[in-house]
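>>> Prediction below, plus the sequence it came from.
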Amino acid sequence: MTVAGFVNHGPFGIERSFCPNGPWYQRRDRGRNPSLELIIMMPRHAQVPPAHPPRSGQASDLLPLGDWIRHHSLRSWPVVLFLLLICVPSIALVILGASPTASTFDHVAWIFAAYFAVAWLLLLGVIIRPEHVTRPMLALVVVVALVTQVPLAITLETDLHASTAGLGASIYSVGLPEELAKAIPILVVALVYRLMGRHELTPRDYLFLGAVSGLAFGASEVVHYFTVNGLAEFYLTVQAAIPDIERLLAAGHSAPDSVFAVLIGPVRYFVLNFVWRFVTDPITHACWSGLTGYFIGLAASGRHRWFTVSWIGLVVAAILHGLNDWSEVNGHPLWIVVTLISGILFLGYAKVGSRSVQEAAGPRPPAPHPAPGREPEREPAALAGAGATRPWWLH
């Protein structure tokens, strides 16, 4: 049999004839004795046998309890939060019970506000993937936010006679006080970790911390609206509906029919309004305070001087916040545009923060090609940017 190809004279009298267009090559080995010739036909790409032969069906395939127990990712923090989230609605409704009191409504409102805030936290963590944010940092931000934000914002808005009738008033009497209150937890983290001599936090990390501060503020705000402002507004709505109820009663309708006919519309609006507030308030505030956090991060990381950039994010956030609350925008089509711009700016700065981290790390050498049949080597965690401390969102 003639094999088209070339002959390579290797050491120890080994000749290899390769077939360029075929899957086989011929190996002739004369060894040290030229009279002895061994011809072996071998495949060009040898088939690697599977490491583990396919096993037959087992009972553990149906209920793999051992795998669930041994698998670390199933005991990770994000997984625990996920399991908690799917149980929260039933927990809250059990707490509410059949005969809720005013305090029970307050407790359930806090549960639902925290529920949506944590759900947004998980999504933001996956999108932003902060490299150096740890769970103690998150805890510090949340604690400072819950203690300081709402009292400070209410005090400032009261002193400034908050109004949303005009754009200027909406910005300086509503947007600016609330964005200042949300900036406090970010500044506390920057100060604490600067005093500790830790400078690894990047602008993207501060953007994420700012978003967490906004989530906490949005959750607190919606609870305040639901338990205080919302009840007062609904009471005024009921008072305004009394003449219509009396007119229906005078026309011969029964009392239940009259009350239902007049109040069903306001009740539906009240329910839908606060359902959407519980969902959207935390993430909207997170986008605005994330901008503040990014520019504070530019200053805290030493890339720019504090007085040149730290205020930029606060001003942009206050303007967007004021536009959002302005009576000529809120509830109108332009409201959607303002919300969309807020989200695009937030994601844009998150992307810029990611790019700056990659540029600071420098180009990485290309990974060597693995030998046939071998898996490529995994990149060390240090080169991958994980650092010595595992980020909170890692399994």
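Okay, I see it. Numbers count the residues shown, from 1 in each chain.
>>> separation between Ala350 and Ala317?
Distance of Ala350 to Ala317, computed by Cβ to Cβ, to the nearest Å: 15 Å. C-beta coordinates here come from the backbone N, C-alpha and C atoms, glycine included.
>>> higher neighbour count, these two?
Between Ala350 and Ala317, Ala317 has the larger neighbour count (other Cβ atoms under 10 Å), namely 31 against 22.
>>> Make sure the more buried one is actually in contact with Tyr294.
No. With contact defined as Cβ atoms under 8 Å, Ala317 does not reach Tyr294; the gap is 10.1 Å.
>>> Burial check on Phe116, number of neighbours?
22.
>>> and what of Val212?
30.
>>> where's the host helix or strand of Phe217 relative to the chain centroid, distance-wise?
Assigned by DSSP states H and E, Phe217 belongs to helix 203-224. Its chain's average C-alpha position is 11 Å from that of helix 203-224, according to Cα atoms, centre = their mean, to the nearest Å.
>>> tell me what that helix is packed against?
Helix 203-224 is packed against helix 102-128, helix 135-159, helix 176-195, helix 255-300, helix 333-361, with contacts defined by 3 or more Cβ pairs under 8 Å, 6 or more residues apart in numbering; DSSP states H and E.
>>> Could you export those to a markdown table, including columns for distance to Ile91 and mean pLDDT?
Listed next are the helices and strands packed on helix 203-224 as a markdown table, based on distance: least, Cβ to Cβ, whole Å; pLDDT from 0 to 100:
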| stretch | distance to Ile91 | mean pLDDT |
| --- | --- | --- |
| helix 102-128 | 7 | 88 |
| helix 135-159 | 20 | 92 |
| helix 176-195 | 27 | 93 |
| helix 255-300 | 16 | 90 |
| helix 333-361 | 30 | 81 |
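>>> and those as JSON lines, adding distance to Leu231?
Shown next, in JSON lines, are the helices and strands packed on helix 203-224 (distance: least, Cβ to Cβ, whole Å):
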{"stretch": "helix 102-128", "distance to Leu231": "9"}
{"stretch": "helix 135-159", "distance to Leu231": "16"}
{"stretch": "helix 176-195", "distance to Leu231": "21"}
{"stretch": "helix 255-300", "distance to Leu231": "10"}
{"stretch": "helix 333-361", "distance to Leu231": "25"}
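>>> nearest to Ser220, of those?
Among those, helix 135-159 comes nearest to Ser220, with 4.8 Å by Cβ to Cβ.
>>> what comes into contact with the closest one?
77, 173-174, 177-178, 180-182, 184-186, 188-189, 192-193, 209, 212-213, 216-217, 220-221, 224, 392 (Cβ atoms under 8 Å, 6 or more residues apart in numbering).
>>> mind listing what the spatially most central residue of the chain touches?
By Cα atoms, centre = their mean, the chain has its centre lying nearest to Leu124, at 1.2 Å. Taking Cβ under 8 Å, 6+ apart, we find Leu124 in contact with Phe208, Ala211, Val212, Leu215, Ala286.
>>> Also Val212?
Leu121, Leu124, Leu138, Val141, Val142, Ala145, Pro185, Ala286.
>>> make it 10 Å
Val212 makes contact with 117, 120-121, 124-125, 130, 133, 137-138, 140-142, 145, 185-186, 189, 282, 286, 289-290, 293 under the criterion Cβ atoms under 10 Å, 6 or more residues apart in numbering.
>>> what's the answer for Leu167, then?
For Leu167, counting by Cβ under 10 Å, 6+ apart, the contacting residues are Gly175, Ile319, Gly322, Leu323, Asp325, Trp326, Ser327, Glu328, Val329.
>>> Make a ChimeraX selection of the buried ones in those.
Those of the contacts of Leu167 that count as buried under 16 or more other Cβ atoms under 10 Å are selected in ChimeraX with:
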select :175,319,322,323,325,326,329
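>>> Looking at the contacts of Leu167, which one is closest to Arg247?
Distances from Arg247 to these, taken by Cβ to Cβ, are shortest for Ser327, at 30.3 Å.
>>> How much space separates the closest one from Ala169?
10 Å.
>>> shared neighbours, those two?
Common neighbours of Ser327 and Ala169 (Cβ under 10 Å, 6+ apart) are Ser163.
>>> hmm, who's touching the helix or strand hosting Asp244?
Assessed by DSSP H and E, Asp244 sits inside helix 230-250. Under the criterion Cβ under 10 Å, 6+ apart, residues 102, 105, 109, 222-225, 253-255, 257-263, 265-267, 269-270, 273-274, 277 lie in contact with helix 230-250.
>>> That one to helix 203-224, inter-axis angle?
Helix 230-250 and helix 203-224 are oriented at 40 degrees to each other (axes from the mean of the first three to the mean of the last three Cα atoms, to 10 degrees).
>>> Just want the angle from helix 230-250 to helix 102-128.
Going by the same axes, to 10 degrees, helix 230-250 makes 120 degrees with helix 102-128.
>>> Can you give me the buried ones in helix 230-250?
Under the neighbour-count rule (16+ other Cβ under 10 Å), helix 230-250 has Gly230, Thr237, Ala241, Ile245, Leu248 buried.
>>> nearest to Ser301, of those?
Gly230 (41.1 Å).
>>> which non-adjacent residue is nearest Val316?
The shortest distance from Val316 to any non-neighbouring residue, by Cβ to Cβ, 6 or more residues apart in numbering, is to Leu291 (5.5 Å).
>>> which residues sit in contact with that neighbour?
179, 207, 210-211, 214, 312-318, 320, 342, 345-346, 348-349.
>>> Next: Val262.
Thr237, Val238, Ala240, Ala241, Ile242, Pro243, Asp244, Ile245, Glu246, Arg247, Leu248.
>>> ok, now how distant is it from Glu233?
For Val262, the distance to Glu233 - Cβ to Cβ - is 16 Å.
>>> and if you look at Tyr193?
Tyr193 is 42 Å from Glu233, by Cβ to Cβ.
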